[in-house]
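Undergrad: output the structure for:
(chains A and B)
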Amino acid sequence: MIKILTTLLFLISLTACSSAPEIVPGKGAIYGTVSADSHKDIIAKASKGDDGIYANEGKVNFVKGMVNYHQLRELYVCLLNPSFKGGKDHLLIAGNDKMSHRSLAIAVGDKLWVQNNSSRTLTFFLAGQDDSIQVYSAVKPGERSVITVDQGGSLELGSDENEALITTLFSRRGLISQMRSSGEKYLFENLNPGQYEIIFWFWRLGFIEKNIIIKAGENIKLNQVLSVDKIMASKNDP
Amino acid sequence: MRFLIAAPTSMPLSKNKFIFYLATLLFVFPGNIFAHHLSGKIEVEGGKNLRDLIVYLEPANSSKLKLEPKLHKIMQKGRQFNPDLLVVSPGDKVQFLNDEDREIDHNIYSLSRLKNFDLGLGERGSILEITVDKKGSGNFYCSVHKLMEGRMISLSTRHFAIMEKPGNFILPNVPSGDWVVKVFVFHRRYKAVPVNITLNASSHENIELKVVKK
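TA: Predicted coordinates for the structure are as follows:
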């Protein structure tokens, strides 16, 4: 019996170790899980067991036409630090009726490539909130073009010729990002001690932003659920 | 199905319809037609067929502005916002009515620069309300349903028309004074060039508005 318990404890501790990053002397890390979920009022109604079309055994029953939060892709976890320099390459691929990504988180200074896999020449642009805009040179089918992003904020990549080709971009100075599906893990490791901001973003919902302090030899675990009510509540945080 | 706010002026007009409406207005308001009905045309650079252009007038002196608050209603039957494009003004109230014909819940929210709101659970028969505080534009969504989204534009004016495509427009019953004619363009590649006009008792403006690439 004792042997079984010891083995069990060993296995549990091994699982815990594997989910946390290794501690690196002089460095820190932040890690966790990012997921999305329905509004708390919808969940509460489903949990009451109402026979409404949204309830199934006390849980939200995602039927056709509904946003299935548990299967959302393109959840972004972004880490901000002014010392990060832009310059990372990103690639978006344009088809005949949609882009490869509906959303993308990037840094000011990053290079944004667009590959034209559609059947016509396309002129892409990156538009900011006001009158700011960057325009690509015309891209023939099978070719690609690039710009260096010089704007922050909520941006939109589109094309002159085809309005269906749209990608929403979240751009900040000093941003590095990881794209995850709902329920997946993220990890930023080997970070120098200091103050950072971490942002969890989904293009249709918005974002939650948190300040974190990374200390040498310390790993921070931070799980985050993105839902309308949680995002709204975070806007009211002091 | 688009519900147009300022019909018939909100509709893009063919040349014949344009002349018909203008003649009707002249007949109905013979005394002040030249002072009070502004007509014009919107042209887009490159001839692009931009959708949902909103042409509107703002007083050149915004301190003269005083608008009575209005109530707007947005229906949700068939998991669609109707209208899905709404023009409002600061101070207006917007009601969201769940008029679904079966038990379908909605959760309407917006995280736009115009207005942040989360209306919670919107069950069938519910009427939920917001008050618009400022000028600007933003999208609103239902968090439950994928394709439910709408757009709201808040302008400091009641003189506007929504045009499904570029072309002729008429803005009726415009008081005399100094105005700026503007066009709100959703397509982020384009912007409109505002035009200043003065309307007085004997004037009749037939203006041309340009929408150009940024």
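Undergrad: CA atoms for contacts and neighbours, from now on please.
TA: Noted.
Undergrad: ok, the helix or strand residue A:230 falls within near chain B or not?
TA: Following DSSP states H and E, the helix or strand that holds residue A:230 is helix A:228-235. Yes - using C-alpha under 8 Å from any C-alpha of the partner chain, helix A:228-235 reaches chain B at A:228, A:229, A:232.
Undergrad: how about that helix, which residues are buried there?
TA: A:228, A:229, A:230, A:231, A:232 (16 or more other C-alpha atoms under 10 Å in any protein chain shown).
Undergrad: all helices of chain B, in order?
TA: All helices of chain B, identified by DSSP state H, fall at B:15-28, B:33-36.
Undergrad: just the mean pLDDT for the longest one, thanks.
TA: When the per-residue pLDDT values of helix B:15-28 are averaged, the result is 59.
Undergrad: and residue A:43, that's in a helix?
TA: Yes - using DSSP: H, G, I helix; E, B strand; the rest coil, the assignment for residue A:43 is a helix.
Undergrad: residues touching it, list them.
TA: When contacts are counted by C-alpha atoms under 8 Å, 6 or more residues apart in numbering or on different chains, residue A:43 touches A:59, A:60.
Undergrad: quick one: it from residue A:95, how far?
TA: For residue A:43, the distance to residue A:95 equals 37 Å [C-alpha to C-alpha, to the nearest Å].
Undergrad: how many neighbours does residue A:236 have?
TA: Neighbours of residue A:236 under the rule other C-alpha atoms under 10 Å in any protein chain shown: 7.
Undergrad: any idea of the pLDDT on it?
TA: Note for residue A:236: predicted pLDDT of 71.
Undergrad: need the residues of chain B near chain A, please.
TA: Applying C-alpha under 8 Å from any C-alpha, we find that chain B lies next to chain A at B:103-104, B:107, B:109, B:111, B:116-118, B:120-121, B:143-147, B:188-189, B:191, B:214.
Undergrad: mind checking which of the residues you listed land in strands?
TA: B:109, B:111, B:116, B:117, B:118, B:191 (DSSP state E).
Undergrad: give me the element residue A:170 is part of.
TA: If you go by DSSP H and E, residue A:170 is part of strand A:167-172.
Undergrad: what mean pLDDT does that strand have?
TA: For strand A:167-172, mean pLDDT rounds to 97.
Undergrad: show the end-to-end separation of stretch A:135-153, please.
TA: Separation of the first and last residues of stretch A:135-153 by C-alpha to C-alpha is 17 Å.
Undergrad: what of stretch A:151-169?
TA: Chord length of stretch A:151-169, first to last residue, is 10 Å (C-alpha to C-alpha).
Undergrad: what's that stretch in contact with?
TA: A:94-95, A:97-99, A:101-108, A:122-129, A:132, A:170-173, A:203, B:188-189.
Undergrad: now these: which count as buried?
TA: By neighbour count, with 16+ other C-alpha under 10 Å, the contacts of stretch A:151-169 hold A:94-95, A:98-99, A:101-108, A:122-128, A:170-173, A:203, B:188-189 as buried.
Undergrad: from these, which land in strands?
TA: If you go by DSSP E, the buried ones among the contacts of stretch A:151-169 have A:94, A:103-107, A:124-127, A:170-172 in strands.
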